[in-house]
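**Student:** Sharing a model that was predicted from the sequence below.
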Amino acid sequence: MERVKIQQLVLATVAFAGILAITAVAPNTLQAFAFLTKRHRRYQSPALYRDALSRLKERGFIEFGTHRGASVVCITLMGKRELLRYQLREKSIRSVKWDGKWRMVIFDIYEYKRQTRNRMRHDLLSFGFQRLQNSVWVYPYPCEDIIALLKADHRIGKELLHVTADTIENDRWLKHHFGLV
């Protein structure tokens, strides 16, 4: 979990800066991450950030290059999508008051796309959706941004439907699950 948070931090920093000089992760220039290094001693290690950078590069989220003779790190399109995922996950954690409506995601993905179907279930679970059936998931808060991201990431359009419903029969357990009671 810590590794993911450090990767999120590094990815967000690269995205915010647009282009980040490699020296930002050198031992004497960790001031970019000062709020972490003051709080936790284990975050003072430059190797921690170098490892995070190498993991992000392996996953295709960042690229190393040169700009005006300096070594730099740039975020890729995949990295921007991953950062958007992080942001949506943080935003989706009960950030607004419930309006009394349920958001349902229904998908029908063919058997030959089994991997896409399984990744979709994993993603919905990671965003906080609750499973009603294998291909029917529910969430109590507005989630249009998440749905758009999932459709784009998994390259599905008509195979995924988003429904807003006023009621779901016997929804007491859902209200309890989401802490709405």
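**Tutor:** Yep, that arrived. Note that this is a predicted model, so its numbers are computed, not measured.

**Student:** Span of stretch 144-164 from start to end?
**Tutor:** Terminal residues of stretch 144-164 lie 10 Å apart, using CA to CA, to the nearest Å.

**Student:** what sits up against it?
**Tutor:** The set of residues that contact stretch 144-164 without belonging to it, under CB atoms under 8 Å, 6 or more residues apart in numbering, is 81, 84-85, 88, 91-92, 101-110, 116, 119-120, 123-124, 127, 143. C-betas here are computed from N, CA, C, even on glycine.

**Student:** Mind checking which of those are buried?
**Tutor:** 84-85, 88, 91-92, 102-105, 107, 109, 116, 120, 123-124, 127, 143 (16 or more other CB atoms under 10 Å).

**Student:** where along this protein do the strands fall?
**Tutor:** 19-21, 62-67, 70-75, 102-107, 130-133, 136-139, 160-165 (DSSP state E).

**Student:** hmm, back to that, among the buried ones among the contacts of stretch 144-164, which are located in helices?
**Tutor:** In this view, these that belong to helices under DSSP state H are 84-85, 88, 91-92, 116, 120, 123-124, 127.

**Student:** Can you name the residues that contact E82?
**Tutor:** The neighbours of E82, taking CB under 8 Å, 6+ apart as the test, are 11, 59, 61.

**Student:** again with N134
**Tutor:** The contact partners of N134, by CB under 8 Å, 6+ apart, come to R121.

**Student:** Domain parsing of this structure, as residue ranges.
**Tutor:** 2-81, 96-178 (automatic domain parsing).

**Student:** could I get these as TSV with mean pLDDT?
**Tutor:** Listed next are the domains of the chain as TSV, based on pLDDT from 0 to 100:
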stretch	mean pLDDT
domain 2-81	67
domain 96-178	90
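
**Student:** quick one: stretch 163-180 to chain centroid distance?
**Tutor:** Its chain's C-alpha centre and that of stretch 163-180 lie 24 Å apart, by CA atoms, centre = their mean, to the nearest Å.

**Student:** What's the end-to-end length of it?
**Tutor:** Start and end residues of stretch 163-180 are separated by 20 Å (CA to CA).

**Student:** neighbours of E144, just the number please.
**Tutor:** Neighbours of E144 under the rule other CB atoms under 10 Å: 10.

**Student:** hey, what's S71 bridged with?
**Tutor:** On DSSP bridges, the residues paired with S71 through beta bridges are T66.

**Student:** any idea how far W173 is from it?
**Tutor:** 54 Å (CB to CB, to the nearest Å).

**Student:** Check the gap between the spatially closest residue to R85 that is not a sequence neighbour and G79 for me.
**Tutor:** Computed as CB to CB, 6 or more residues apart in numbering, the closest residue to R85 that is not its neighbour in sequence is L149, at 6.7 Å. In this structure, L149 lies at 14 Å from G79, with CB to CB as the measure.
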